[in-house]
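*Asks:* Structure for the following, please:
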Amino acid sequence: MTQAMAPVVTGAAAVQVLGRRQLFMLPTRNGLSFVLVLFAMLIAAINYNNGLAFGLTFLLASVGLVSMLYTHRNLSGIRVSVGTPQPVFAGQLSRFPVALQSNSDNKRTNVWVMCADETAQTDIEPRQTAQVYVPVGASKRGWLGCPPVVVSSAFPFGLLYTWSRKLKPTARGLVYPEPGTARPLPLSPDRDGSTHAGTRYEGDDFSGLRDYRVGDSLRRVHWKAAARGLGMQSKIFSGANVSTLWLDWDMLPELKTEARLSQLCRWVLDAESVGCLYGLRIPGMEIPPNYGPAHRHECLRALGLWDIADV
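*Replies:* Numbers count the residues shown, from 1 in each chain. Reported below is the predicted structural model:
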């Protein structure tokens, strides 16, 4: 078995191998009770000089010794790697994927992965990889590092408990700002002073949103925005080339830094949901107008990592 635990980089995750020097073992509460029962049986066998009692005591003792070997072998040689989780918003749980790979012909049963205060259980088939997800709370925007991971097991009889050293993964997850309160999307001023929302061309061209007016067709009402508490708004469609929706830091002078980032995050989500062309302006960065999942991620990533040195 491998005696060292030097990381071997494979893609975005570092693999750590559980060898003899990385595993510890102690008896469980049931294991201590088992030892006391064996001791009582041995005293009784000596007192009555009963051969069958001696045989049963030594048989059970041998089972305990064999379980020690199997408990250690259940973890020995497992390759552990922690991957990058999907981005989440501040206040949510980030789910780090932990991959456990067995390179032997033995099935690894009842393997536990502990990270922070969370625990996940899995079985590993021979020469297969099992994956579990460990949730970690994301309290603020930026990078979220994975806490130390411990792999443990009490297989097969629960008499002994083995666990690994704390594995310190290098994986980290991206945390977007927490979306702010619902506000109508801002309108970008044209050079002539008129205002329009962003547009993209897809069938009837969507120009943006405006406040609902009596007489507007109910088919033009943006019901999703109304359900989110943004009020009654009507969709505007046009074939003309109108200005683009800019989400600008300077539009929110009354808010503090984190509140601004949260509100811009909300506007990015709202603009993407209605299909607007939108761009983002924050101090030191300008993202050109676009739309789609990749553009959404680029904008949210910029907000999540703004003013954070290690990007």
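*Asks:* Count the neighbours of the nearest residue to S153 once chain neighbours are set aside for me.
*Replies:* Counting by Cβ to Cβ, 6 or more residues apart in numbering, S153 lies nearest to N74, which is 4.8 Å off, once chain neighbours are set aside. (Each C-beta comes from the backbone N, C-alpha and C, glycine too.) Neighbourhood size, N74 [other Cβ atoms under 10 Å]: 24.
*Asks:* just the one 10 residues further on next, same as before
*Replies:* Burial measure for T84: 16 neighbouring residues, criterion other Cβ under 10 Å.
*Asks:* That one: which element?
*Replies:* Of the helices and strands defined by DSSP states H and E, none includes T84.
*Asks:* From what I see, it and P169 are in contact.
*Replies:* No. At 10.1 Å, T84 and P169 do not qualify as touching, with contact defined as Cβ atoms under 8 Å.
*Asks:* Next, give phi and psi for R20.
*Replies:* Dihedral angles of R20 (phi, psi; degrees, to the nearest 10) stand at phi -60, psi -40.
*Asks:* meant to ask about P288, not that
*Replies:* Per degrees, to the nearest 10, the backbone of P288 is at phi -60, psi 160.
*Asks:* where does L230 fall, phi/psi-wise?
*Replies:* Main-chain dihedrals, L230, degrees, to the nearest 10: phi -80, psi 0.
*Asks:* so who does it touch?
*Replies:* L230 is in contact with 182-184, 222, 270, counting by Cβ atoms under 8 Å, 6 or more residues apart in numbering.
*Asks:* just R141 next, same as before
*Replies:* Neighbouring residues of R141 by Cβ under 8 Å, 6+ apart: 90, 175-178, 258, 261, 303-305.
*Asks:* what do you get for F54?
*Replies:* With Cβ under 8 Å, 6+ apart, F54 has these contacts: 42, 45.
*Asks:* per-residue pLDDT, it?
*Replies:* With respect to pLDDT, F54 scores 93.
*Asks:* Doesn't it lie inside a strand?
*Replies:* No. F54 sits outside any strand when classified using DSSP: H, G, I helix; E, B strand; the rest coil, being helix.
*Asks:* Distance-wise, check it relative to N30.
*Replies:* Distance of F54 to N30, given as Cβ to Cβ, to the nearest Å: 24 Å.
*Asks:* mind listing the helices for the stretch 201-311 of the chain?
*Replies:* Applying DSSP state H, counting those that start in this stretch to the stretch 201-311 of the chain gives helices spanning 223-227, 257-274, 293-304.
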